[in-house]
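Chemist: got a predicted structure here, sequence first:
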Amino acid sequence: MNDKSKLEVSEQQRLDYLVSLQLDDELCEAEMEELIELLSLHPEARRRMVADSLFNVELADILRNGVSETPRHNHRSGRRQVFARSPGGVLLAIAALILSGLAMQWALQSQDYGESQEQRVAKITGLSGPLQWTGNGGLVTSELAVGAELPGGTIEGQSPESWFELEFEDGSRVVIAGQSRLIFSDQGQKELHLIAGGFSASVEPQPAGKPMLVYTRTAVLEVLGTEFEVESELASTFLNVTEGKVRVKRLSDGQSLDVPAKHRVTAAADQSFELEATPEMVSFWKDRLALGPKGVYGDWRPGDASEGRRPAVKSIPHTIKETGKTIYCTSLRVISSDGPPVALRRDSQLVVEGRIAKKTKLLFVGVTLQHPNGDFAGRFQICLPGESVNVNEKFELDLDVEDFKLDPSLRETRHKLADSPLGLIVTDIWCHTLWDSAGLELEGVELYEAASVD
């Protein structure tokens with residue numbers, strides 16, 4: 001082999017020999033330089049170092065923290081026991097002992113979403129809220145940024161506030177919002193696996209014979225070039241097409257349907273598999289808390305007639321790593337496969353009923369919105385002083401949606417989002433407090449248009 005990127009058997013044996021010398025404290029200066037050169041010339045050796053570290057917490061800690069403070073006399077005893085647990089541990093050991101700086105650089109390059117340009121299939125063009133990306137090699141990170149290029153993998157929205165926009169090389173875009181988990185790849189043909197939640201997509205015309213494939217638990221979608229949104233649940237897949245056409249195959253029986261623009265369908269083994277024209281938008285909605293926890297983010301609790309308590313959902317905590325703030329949030333899903341789209345109008349009012357168990361400084365009420373084509377349009381909210389609600393007493397807030405403003409956490413990407421909530425479709429309605437738990441519970445949420453009320 002003449003390709004220096006390939007590690008020949010003889011070179012591998014030499015590498016193992018040099019490592020054994022180092023572990024026995026017998027590596028001279030010339031041999032150390034030879035070892036560094038071998039690692040520098042062969043990416044596969046470096047990849048082994050990084051990949052192996054993912055399966056051994058102790059090794060990963062060494063790579064992250066270095067070993068500059070490790071006593072010299074521990075190298076030959078404890079080191080052998082630690083690294084013997086991993087087949088590639090020898091390479092990791094040498095990196096930690098004499099190449100900690102270089103190993104850190106390689107590790108960071110891998111954390112920078114891929115070792116080579118050829119591996120990168122899409123870039124981040126927008127994001128907000130808690131997100132986690134897992135690379136194909138097992139690397140896990142929540143430190144994502146706009147402009148970063150990714151080599152495929154899994155992206156997960158971890159709260160109702162999560163939003164992520166991904167753009168492929170051909171300009172096709174995929175947007176997830178809220179709690180969703182999506183695996184994406186492009187090895188000459190785009191493949192997406194929607195594990196949970198949903199996303200919207202605007203897909204450029206795809207190569208002949210290579211449509212974008214979207215897999216869910218109950219269906220496979222073939223996309224040649226269109227705009228659509230899809231939601232995946234444990235036993236069903238909901239598809240709404242806004243432009244173009246998408247072919248859907250139901251996995252339970254292999255039946256297929258072509259879904260044209262302004263139509264939708266649900267693929268589930270226990271439901272009829274039929275096209276439905278997308279309903280016209282309405283301006284009213286009422287919660288379904290009495291029906292159970294479906295579509296709820298938080299701790300759902302049944303009502304208690306003896307205490308006069310209605311079914312409710314209690315907020316749950318989520319800590320934002322970047323700021324250290326803890327949000328105590330609850331959210332209700334508005335958009336659904338069995339109801340029409342719900343849009344905000346100029347006279348839209350939002351009524352929120354609930355309770356708090358402790359005093360709070362601020363109470364936030366908001367809506368997550370999307371454009372008619374399914375694209376994320378932003379989160380809009382209103383911030384109320386804590387004095388507006390009393391402890392251990394039922395509160396009822398009647399809020400004018402026109403007073404809602406874009407969530408400040410989205411200010412860096414506001415140029416991609418709507419200027420106003422009016423005319424947009426509601427996907428979620430949420431409420432939260434900050435810092436300390438106030439024991440926030442929602443007992444009722446209703447959206448209506450004041451002009452239509454007598």
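Modeler: In hand now; what should we look at?

Chemist: which regions of the stretch 351-454 of the chain lie under the pLDDT threshold?
Modeler: Applying pLDDT under 70 to the stretch 351-454 of the chain flags residues 452-454.

Chemist: how about the contacts made by V426?
Modeler: Applying CB atoms under 8 Å, 6 or more residues apart in numbering to V426 gives the contacts W285, V334, I335, V342, A343, L344, V367, T368, L369, L447. Bear in mind the C-beta positions are built from the backbone N, C-alpha and C, glycine included.

Chemist: pretty sure it is in a strand, no?
Modeler: Yes: membership of V426 in a strand is supported by DSSP: H, G, I helix; E, B strand; the rest coil.

Chemist: now it: how far from A196?
Modeler: In this view, V426 and A196 are 21 Å apart by CB to CB, to the nearest Å.

Chemist: now do the contacts for the residue nearest to E227 when sequence neighbours are not counted.
Modeler: Closest residue to E227 apart from its sequence neighbours, by CB to CB, 6 or more residues apart in numbering: E243 at 4.0 Å. For E243, the contact set (CB under 8 Å, 6+ apart) comprises T226, E227, F228, A261, N373.

Chemist: following the host helix or strand of E156, which helix or strand comes up?
Modeler: According to DSSP states H and E, E156 maps onto strand 153-157. Downstream of strand 153-157, the first helix or strand assigned by DSSP H and E is strand 163-168.

Chemist: coming back round to it: list the strands paired with the strand holding E156, with their directions.
Modeler: strand 131-134 (antiparallel), strand 181-186 (antiparallel) (DSSP bridges).

Chemist: in TSV: these, plus distance to L291 and mean pLDDT.
Modeler: Output for those, formatted as TSV (distance: least, CB to CB, whole Å; pLDDT from 0 to 100):
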stretch	distance to L291	mean pLDDT
strand 131-134	30	92
strand 181-186	25	94
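
Chemist: the ones you listed: which one's closest to S162?
Modeler: Among those, the nearest to S162 by CB to CB is strand 131-134 (5.5 Å).

Chemist: how far away from the center of its chain is that closest one?
Modeler: Averaging C-alpha positions (CA atoms, centre = their mean, to the nearest Å) puts strand 131-134 6 Å from its chain's average.

Chemist: name the residues of that strand that are buried.
Modeler: Residues of strand 131-134 classed as buried: L131, Q132, W133 (neighbour count, 16 or more other CB atoms under 10 Å).

Chemist: now the residues you listed as TSV including distance to P408?
Modeler: Below are those laid out as TSV (distance: CB to CB, whole Å):
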residue	distance to P408
L131	18
Q132	23
W133	24
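
Chemist: give me the nearest residue to V282, chain neighbours excluded.
Modeler: P340 (5.0 Å).

Chemist: neighbours of the one you found, how many?
Modeler: Neighbour count of P340, defined by other CB atoms under 10 Å: 15.

Chemist: of the buried residues of strand 131-134, closest to S388?
Modeler: Looking across the buried residues of strand 131-134 and measuring by CB to CB, the closest to S388 is L131, at 31.9 Å.

Chemist: bridged to the closest one, which residues?
Modeler: With DSSP bridges as the rule, L131 is bridged to G157.

Chemist: right, and it touches S162 too?
Modeler: Yes: counting by CB atoms under 8 Å, S162 is a contact partner of L131 at 5.5 Å.

Chemist: what about the closest residue to Q189 other than its chain neighbours, which SS state?
Modeler: Residue nearest to Q189 in three dimensions, not counting chain neighbours: K210, with 4.2 Å by CB to CB, 6+ apart. Following three-state DSSP, the label given to K210 is coil.

Chemist: ok, now R14?
Modeler: Applying three-state DSSP to R14 yields a three-state assignment of helix.

Chemist: next one: it relative to E34, how far apart?
Modeler: For R14 relative to E34 (CB to CB), the value is 8 Å.

Chemist: any regions of the chain where pLDDT drops low?
Modeler: Using pLDDT under 70, the chain drops low at 1-13, 16, 19-33, 36-118, 321-323, 452-454.

Chemist: can I see the domain layout of it?
Modeler: Domain assignment for the chain by automatic domain parsing gives 9-111, 117-277, 285-452.

Chemist: before we move on, the earlier item: now the strands paired with strand 153-157 as a markdown table including distance to A438?
Modeler: Shown next, in a markdown table, are these (distance: least, CB to CB, whole Å):
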| stretch | distance to A438 |
| --- | --- |
| strand 131-134 | 26 |
| strand 181-186 | 30 |
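
Chemist: so for V174, which of those sits nearest?
Modeler: Judging the strands paired with strand 153-157 by CB to CB, what sits closest to V174 is strand 181-186, at 7.0 Å.

Chemist: and the helices in this protein?
Modeler: Ranges of helices in the chain, per DSSP state H, are 9-23, 29-41, 43-53, 57-65, 78-83, 89-98, 100-111.

Chemist: grab the longest strand from this structure for me.
Modeler: Counting residues, the longest strand found in the chain (DSSP state E) is strand 190-202.

Chemist: that one: partners in the sheet, and parallel or antiparallel?
Modeler: Sheet pairing for strand 190-202, using DSSP bridges, gives strand 173-177 (antiparallel), strand 181-186 (antiparallel), strand 212-215 (parallel), strand 227-232 (antiparallel).

Chemist: now do that strand: distance to the chain's middle.
Modeler: The answer for strand 190-202 is 11 Å, by CA atoms, centre = their mean.

Chemist: that older thread, please tell me which one of the contacts of E243 counts the most neighbours.
Modeler: Highest neighbour count within the contacts of E243: F228, with 25 neighbours (other CB under 10 Å).
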